[in-house]
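Enquirer: this is a predicted model, with the sequence first.
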Amino acid sequence: MPNETLDIKPVVCRACGGDGFLLRLDRDEGVIQVECTACGAKKILLDGEDYRADARLRLSKCSVCKSCKEYNLRVGFVRRENGSVK
């Protein structure tokens, strides 16, 4: 990863500023939908809207306790030397 930098940003609800989310995803299609637990606003993250039609979104639960459904999320971007983002 020469000359590439990792930029990590918190996911925050644009409607209310909340940072707790229900997480629905389809790992095969790479689609992630978040739903703010404070106000209920929903959003598809990153380029997932391009693949939403084929996605089967499933509610995610904590892999440790198996019951918690609320997440605080971060998104990492790799900024390449040529200006593109991964």
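Expert: Yep, that arrived.

Enquirer: in this structure, where is pLDDT below threshold?
Expert: For the chain, applying pLDDT under 70 flags the ranges 1-3, 85-86.

Enquirer: all strands of it, in order?
Expert: Per DSSP state E, the chain carries strands over the ranges 5-10, 21-26, 31-36, 42-44, 58-59, 70-71, 74-79.

Enquirer: I'd like those strands as a markdown table, with mean neighbour count and distance to Tyr51 appended.
Expert: Heads up, the C-betas are built off the backbone N, CA and C, glycines and all. As requested, these are exported to a markdown table (neighbours: other Cβ atoms under 10 Å; distance: least, Cβ to Cβ, whole Å):
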| stretch | mean neighbour count | distance to Tyr51 |
| --- | --- | --- |
| strand 5-10 | 10 | 21 |
| strand 21-26 | 20 | 8 |
| strand 31-36 | 21 | 5 |
| strand 42-44 | 15 | 9 |
| strand 58-59 | 11 | 15 |
| strand 70-71 | 14 | 21 |
| strand 74-79 | 12 | 17 |
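
Enquirer: can you lay out these as TSV showing distance to Asp50?
Expert: Output for these, formatted as TSV (distance: least, Cβ to Cβ, whole Å):
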stretch	distance to Asp50
strand 5-10	20
strand 21-26	13
strand 31-36	9
strand 42-44	9
strand 58-59	19
strand 70-71	23
strand 74-79	17
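
Enquirer: which residue, other than its chain neighbours, is closest to Phe21?
Expert: Ranked by Cβ to Cβ, 6 or more residues apart in numbering and with sequence neighbours excluded, the top spatial neighbour of Phe21 is Val34, at 4.1 Å.

Enquirer: residue contacts, that neighbour?
Expert: By Cβ atoms under 8 Å, 6 or more residues apart in numbering, the contact set of Val34 is 11, 21-24, 42-43, 45, 73.
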